[in-house]
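Participant: The following comprises the amino acid sequence and a computationally predicted model.
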Amino acid sequence: MKFALRLLLLLAFALSAFGQTDLQKLVDTEHSFVRLASEQGTRSAFLANMADDALVFNPDKITAKPFWTARAEGPGLLSWAPNYADISSNGIMGYTTGNWEFRPKGKDDLPTAFGEFITVWLQQVDGKYKFILDIGVDHPKPEKFSTEWITAKNDSRKALNEGNSSAADPSTGFLKMSEESGLASAYKYFGSSDIHMFREDKMPIIGLKNVAAEMKRFKGNVRFSRKSTVFGSGDISYNLGAYTITENQNVTEKGNSLQIWKLVQGRWEIVLDILKPVPAK
């Protein structure tokens, strides 16, 4: 009896460890990325961790490899840390997000710029993770630089997306509802309870209650492009497109939008939302 109980406990532990393996591996990859930047420079670190077709936003969308290959290694130090991470049930696609800071003259200098990053990762044929999207926002200096990280509170989902559903339809539904009923209604209906929203020059907006408050403060009208890219694996997917903000029929901002969707209890929800503005030329 004791042997059977011990066997069950070991099996439960093994299953628990297996469930955490891919997520921990993803976070470890991010931490290794940060260490490489500190030891060898930002350029070297980015080139070592990107997929061949990866995109970065500087601030507009651009292919990462030629951009970072042509960029000289400077004296500045870009430091960052994941504060939130999640991964698909099949371990193929995941994302990390967290705070960053920049020291112009290196590690002994004081940080002069601050913000949040979002990185989407894809598992390669060798089992390693490479990033396919890297985007972020600037914001004022936070109270502290955090190195702690958490994952989703509610992770009850159908493993491996057994119904093979796609985030494409709910993404279209979000666009339609935002146009017909307003952006606040669209986020309320499609947003996850712990949605993470990112806007330029603002601290992260986390949770539907805070997103609703942000929508009340927002006075413009956002229109999303119907032409977008939806890509995913299992129960994690992203939608990458463009947006335009108008106020009193005048265009005040244009840029790129990224939404990360997650299938929870058979329903696709927005777990991350970012608008990255592109200054007018």
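Facilitator: Structure received.
Participant: where do the helices sit along the stretch 151-281 of the chain?
Facilitator: Using DSSP state H, counting those that start in this stretch, the helices of the stretch 151-281 of the chain run over 168-180, 183-190, 208-217.
Participant: Quick check: buried residues in the longest one?
Facilitator: Along helix 168-180, these residues count as buried under the neighbour rule (16 or more other Cβ atoms under 10 Å): Ala168, Pro170, Ser171, Phe174, Leu175, Met177, Ser178. Glycine gets a C-beta too; all of them are placed from N, C-alpha and C.
Participant: cool, and the shortest one?
Facilitator: Applying a neighbour-count criterion of 16+ other Cβ under 10 Å, the buried positions in helix 183-190 are Leu183, Ala184, Ala186, Tyr187, Phe190.
Participant: about what we covered before: specify which member of the buried residues of helix 168-180 is nearest to His31.
Facilitator: Taking Cβ to Cβ as the measure, Ser171 is the one of these closest to His31, at 31.3 Å.
Participant: Test my guess that the closest one contacts Ser257.
Facilitator: No. Applying Cβ atoms under 8 Å as the test, Ser171 and Ser257 come out as separate, 10.7 Å apart.
Participant: Next, the angle helix 168-180 makes with the strand ranked longest in the chain.
Facilitator: Secondary structure of the chain per DSSP state E: the longest strand is strand 250-264. Strand 250-264 runs at 140 degrees relative to helix 168-180, counting by axes from the mean of the first three to the mean of the last three Cα atoms, to 10 degrees.
Participant: ok, strand 250-264: who's next to it in the sheet?
Facilitator: The strands beside strand 250-264 in its sheet (DSSP bridges) come out as strand 236-247 (antiparallel), strand 267-277 (antiparallel).
Participant: Ranking the ones you listed by mean neighbour count, which comes first?
Facilitator: strand 267-277 (a mean of 21; mean count of other Cβ atoms under 10 Å).
Participant: Tell me what angle it forms with helix 208-217.
Facilitator: 40 degrees.
Participant: ok, residues contacting strand 267-277?
Facilitator: 57, 59, 86, 95, 97, 118, 135-137, 152, 165, 167, 169-170, 174, 187, 190-192, 194-200, 222, 237, 243, 253-263 (Cβ atoms under 8 Å, 6 or more residues apart in numbering).
Participant: Now the buried members of these.
Facilitator: When those are checked for burial by 16+ other Cβ under 10 Å, the buried set is 57, 59, 86, 95, 97, 118, 135-137, 152, 165, 167, 170, 174, 187, 190-192, 194-200, 222, 237, 243, 253-263.
Participant: Lys61 pairs with what?
Facilitator: In beta-bridge terms (that is, DSSP bridges), Lys61 pairs with Phe57.
Participant: Next, the contact list for the nearest residue to Lys219 once chain neighbours are set aside, please.
Facilitator: In this structure, Lys219 finds its nearest non-sequential neighbour in Glu247, 6.3 Å apart by Cβ to Cβ, 6 or more residues apart in numbering. By Cβ under 8 Å, 6+ apart, the contact list for Glu247 reads Lys219, Gly220, Asn221.
Participant: With Ala186 instead?
Facilitator: Phe174, Leu175, Met177, Ser178 are the contacts of Ala186 under Cβ under 8 Å, 6+ apart.
Participant: Likewise for Thr97?
Facilitator: Contact partners of Thr97, counting by Cβ under 8 Å, 6+ apart, are Pro82, Asn83, Tyr84, Ala85, Glu116, Phe117, Ile118, Thr119, His196, Phe198, Pro204, Leu272.
Participant: and with 6 Å instead?
Facilitator: By Cβ atoms under 6 Å, 6 or more residues apart in numbering, the contact list for Thr97 reads Tyr84, Ile118.
Participant: bridging residues for it?
Facilitator: Going by DSSP bridges, Thr97 forms beta bridges with Tyr84, Ile118.
Participant: give me the low-pLDDT residue ranges for this structure?
Facilitator: 1-20, 154-163 (pLDDT under 70).
Participant: repeat that with 80
Facilitator: 1-20, 153-164, 281 (pLDDT under 80).
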